[in-house]
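Asks: this one's structure only:
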């Protein structure tokens, strides 16, 4: 069952992006021409004004892209609004710095603040309207799930949270045979291949390709490794090169240099905040300021991670790990604030500076968790090809209670596709995730495959 409108989805997103950037740039141009241009030693004329508007539009597009703010119809409205709001704030900040430089002196920040407020309002209204039209033009797809030996019950529960994207039409086990599966595929608008063995999955993908049916597939470790492979054309048989050594020497050098520079600057800038946090913790219950705990990082090295203490003293008296829960009674009053604001993570800048951690990387897990996860998923140790990070792919795109296998795949996606630009993007995305409630969900024990 084909949906010809699907091919225009990207064009529609591009149209919405252009419309949004044009509206926001128009607001900036009004503020620039009426409040700031005449503050310049030599006010700009036509070309200069056009250049500055183009610069604003470029900055806005850069931040919108960095915060994944342009995925209309893919992410929820709340996600898009938060992302675009942060992008606008960043754009306004850097735009004001440019205006200050051009004016050769400080100018009033009030017009920029008013402009930011208006643009956030535009973002809110624009996202609501665009989401409405997107759902009308591109309604949710009727999909079938094809599965093998593993029960897709938990995956279906996740699917139900995005009814704006998917409507489950049928659940089919591969045991019914390819002929019946092909008939069902032709009558669907999308196919989700859930944890099917490689041989059968290849056949299913070819069926979907032949019938122009969109296919989704849950990934395996080998799929993630393939994504990081390099295509070689040494002769007329294509080859994929799997380097299998994590990051290259050059990448490690650049990453470490960025870690040292950023952590050193951030320690200086945040030292007053850290001092206030330390005093507040002492006043709260007179206990230790810092919380130290053994964690595992690059090549299995164990180190003591540093955080501001947010729980009562001896929260784990017998040494048995007790995962944090939502509304955990062990969390102190000041601890609740530190956790909500992520300020409890600031001391980890010291761990980054001394080389135990990186700004971006797989979250360093507790020793006992690594041992337990590795027993369940032997490949979990693959995450140790790089230093543990303050933030990372799995933290941004997963949840606190994400299954170890899924967490491993997300972290491997980062390791296999590392670049400096990816690190910068993930650092910017971390600002966004601080405002997303999902990232603070408590840990719950889960039974999974």
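Replies: That came through, no problem. Please read these numbers as outputs of a predicted model, since none were measured by experiment.

Asks: Could you measure from residue 197 over to residue 220?
Replies: For residue 197, the distance to residue 220 (Cβ to Cβ, to the nearest Å) stands at 10 Å. Glycine gets a C-beta too; all of them are placed from N, C-alpha and C.

Asks: Between the two, tell me which one has more neighbours.
Replies: Using other Cβ atoms under 10 Å, the more surrounded residue of residue 197 and residue 220 is residue 220, with 17 against 11.

Asks: so who does the more buried one touch?
Replies: residue 198 (Cβ atoms under 8 Å, 6 or more residues apart in numbering).

Asks: What count of nearby residues applies to residue 192?
Replies: Other residues lying near residue 192 total 23 when counted by other Cβ under 10 Å.

Asks: Quickly find the element holding it.
Replies: Residue 192 is part of strand 190-194, with elements assigned from DSSP states H and E.

Asks: Show me what that strand packs onto, helices and strands only.
Replies: Strand 190-194 is packed against strand 141-147, helix 198-210, strand 215-217, with contacts defined by 3 or more Cβ pairs under 8 Å, 6 or more residues apart in numbering; DSSP states H and E.

Asks: got CSV for those, with mean pLDDT, distance to residue 117 and mean neighbour count too?
Replies: Compiled in CSV, these are given as follows (pLDDT from 0 to 100; distance: least, Cβ to Cβ, whole Å; neighbours: other Cβ atoms under 10 Å):
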stretch, mean pLDDT, distance to residue 117, mean neighbour count
strand 141-147, 94, 38, 21
helix 198-210, 93, 47, 14
strand 215-217, 94, 40, 17
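
Asks: As CSV, those with distance to residue 413 would be great.
Replies: Output for the helices and strands packed on strand 190-194, formatted as CSV (distance: least, Cβ to Cβ, whole Å):
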stretch, distance to residue 413
strand 141-147, 23
helix 198-210, 19
strand 215-217, 15
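
Asks: Of these, which is nearest residue 342?
Replies: Closest of the helices and strands packed on strand 190-194 to residue 342 is strand 215-217, at 32.7 Å (criterion: Cβ to Cβ).

Asks: Neighbouring strands - and their directions - for the closest one?
Replies: Strand pairing for strand 215-217, using DSSP bridges, gives strand 190-194 (parallel).

Asks: what's the average pLDDT for the strand it pairs with?
Replies: For strand 190-194, mean pLDDT is 94.

Asks: which parts of it are buried?
Replies: Neighbour-count burial for strand 190-194 flags 190, 191, 192, 193, 194 (criterion: 16 or more other Cβ atoms under 10 Å).

Asks: From those residues, pick the one nearest residue 105.
Replies: Distance to residue 105, by Cβ to Cβ, is smallest for residue 190 among the buried residues of strand 190-194, at 57.7 Å.

Asks: Would you quantify the distance from the closest one to residue 142?
Replies: Separation of residue 190 from residue 142 (Cβ to Cβ): 7 Å.

Asks: try residue 74
Replies: 18 Å.

Asks: Equivalent analysis for residue 251, please.
Replies: In terms of Cβ to Cβ, residue 251 sits 43 Å off from residue 142.

Asks: now residue 30
Replies: 46 Å.

Asks: do the same with residue 254
Replies: Relative to residue 142, residue 254 is positioned 47 Å away (Cβ to Cβ).

Asks: And residue 430, by the same measure?
Replies: Distance from residue 430 to residue 142, by Cβ to Cβ: 36 Å.

Asks: Same question for residue 290.
Replies: For residue 290, the distance to residue 142 - Cβ to Cβ - is 54 Å.

Asks: cool, residue 34 as well?
Replies: 52 Å.

Asks: Name whatever forms a beta bridge with the nearest residue to residue 297 once chain neighbours are set aside.
Replies: Of all residues not flanking residue 297 in the chain, residue 388 sits nearest, at 4.3 Å (Cβ to Cβ, 6 or more residues apart in numbering). Applying DSSP bridges to residue 388 yields these beta-bridge partners: residue 357.

Asks: you'd agree residue 388 is up against residue 360?
Replies: No. Counting by Cβ atoms under 8 Å, residue 360 is not a contact partner of residue 388; they are 10.1 Å apart.

Asks: How far off centre is whichever helix or strand residue 47 is part of?
Replies: Using DSSP H and E, residue 47 maps to helix 46-66. Computed by Cα atoms, centre = their mean, to the nearest Å, the chain-centroid distance of helix 46-66 equals 25 Å.

Asks: Neighbours of residue 51, how many?
Replies: If you count neighbours by other Cβ under 10 Å, residue 51 ends up with 11.

Asks: Going forward, the N-terminal residue is numbered 652.
Replies: With the count now opening at 652, the last piece we talked about shows up as residue 702.

Asks: pLDDT score for it?
Replies: pLDDT, residue 702: 93.

Asks: those strands in the stretch 902-1051 of the chain, which residues are they?
Replies: For the stretch 902-1051 of the chain, applying DSSP state E, counting those that start in this stretch gives strands covering 941-947, 953-959, 1008-1011, 1039-1042.

Asks: mind listing what's buried in the first one?
Replies: Think strand 941-947. Neighbour-count burial for strand 941-947 [16+ other Cβ under 10 Å]: 942, 946, 947.

Asks: average pLDDT for that strand?
Replies: pLDDT averaged over strand 941-947 gives 93.

Asks: elements contacting that strand?
Replies: In terms of contacts (3+ Cβ pairs under 8 Å, 6+ apart), strand 941-947 is packed against strand 953-959, helix 1018-1027.
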